[in-house]
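>>> kindly return the folded structure for what I paste below:
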Amino acid sequence: MLERVRDWQPFDGCALLDDVAAVLDDVPPSEGDAVQLAERLRGHLARLVTIAVASEAEQDTAAAQLVLRARTLHADSLPRGRQAAMAHLRRLGWTANELHDRLVAIRCLKEAV
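Numbering: from 1, shown residues only. As a prediction, this is how the structure comes out:
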């Protein structure tokens, strides 16, 4: 239990928005950055899902669908091939952004500024 407390990191909405912007930008990230962004986005999705479950946001139909999509994407590894990897990164980014927005809308999170 103590180890989990030590490893705990608070949710950082600004970092989420920075990572989402990086993958949804017109200029795609380099291959090396893509791997790091995928890991960070998976971490954001895991935190958002935890927040959604803890705040019972899944009672909201839209939030429940986004949580399901987030869990599915979190489990998928970054595919090989530049186009497939970029498509996966964009799905991670869109899902993280949409779930964040939905949790803000139903007052489970404060808006990141």
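
>>> rounded mean pLDDT for the helix or strand hosting Arg102, please.
Following DSSP states H and E, the helix or strand that holds Arg102 is helix 82-105. Here helix 82-105 scores 95 as its mean pLDDT.

>>> hang on, isn't Val35 packed against Leu78?
Yes: in this structure, Val35 is within contact of Leu78 by CB atoms under 8 Å, at 6.3 Å. Where you see a C-beta, it was placed from the backbone N, CA and C, and this is true even at glycine.

>>> okay, the two: which has more neighbours?
A count of neighbours by other CB atoms under 10 Å puts Leu78 above the other of Val35 and Leu78, at 18 against 14.

>>> list the contacts for the more buried one?
Residues near Leu78 by CB atoms under 8 Å, 6 or more residues apart in numbering: Ala34, Val35, Ala38, Ala85, His88, Leu89.

>>> next, format those as CSV and append distance to Glu98.
Putting these into CSV (distance: CB to CB, whole Å) gives the following:
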residue, distance to Glu98
Ala34, 20
Val35, 23
Ala38, 17
Ala85, 20
His88, 16
Leu89, 15
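
>>> now for these: which two are most distant?
Spatial extent of these (CB to CB) is set by the pair Val35 and His88 at 11.2 Å.

>>> got a ChimeraX select line for the buried ones in the contacts of Leu78?
Selection command for ChimeraX covering only the buried members of the contacts of Leu78, criterion 16 or more other CB atoms under 10 Å:
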select :34,38,85,88,89
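
>>> wait, which of the contacts of Leu78 is closest to Leu24?
For the contacts of Leu78, the nearest to Leu24 is Leu89 (8.9 Å; CB to CB).

>>> the closest one and Arg107, how far apart?
29 Å (CB to CB, to the nearest Å).

>>> likewise Pro10?
Pro10 is 18 Å from Arg107, by CB to CB.

>>> kindly report the same for Arg80.
40 Å.

>>> where's Ala64, which helix or strand?
helix 61-75.

>>> how far does that helix sit from its chain's centre?
10 Å (CA atoms, centre = their mean, to the nearest Å).

>>> which elements pack onto it?
helix 31-54, helix 82-105 (3 or more CB pairs under 8 Å, 6 or more residues apart in numbering; DSSP states H and E).
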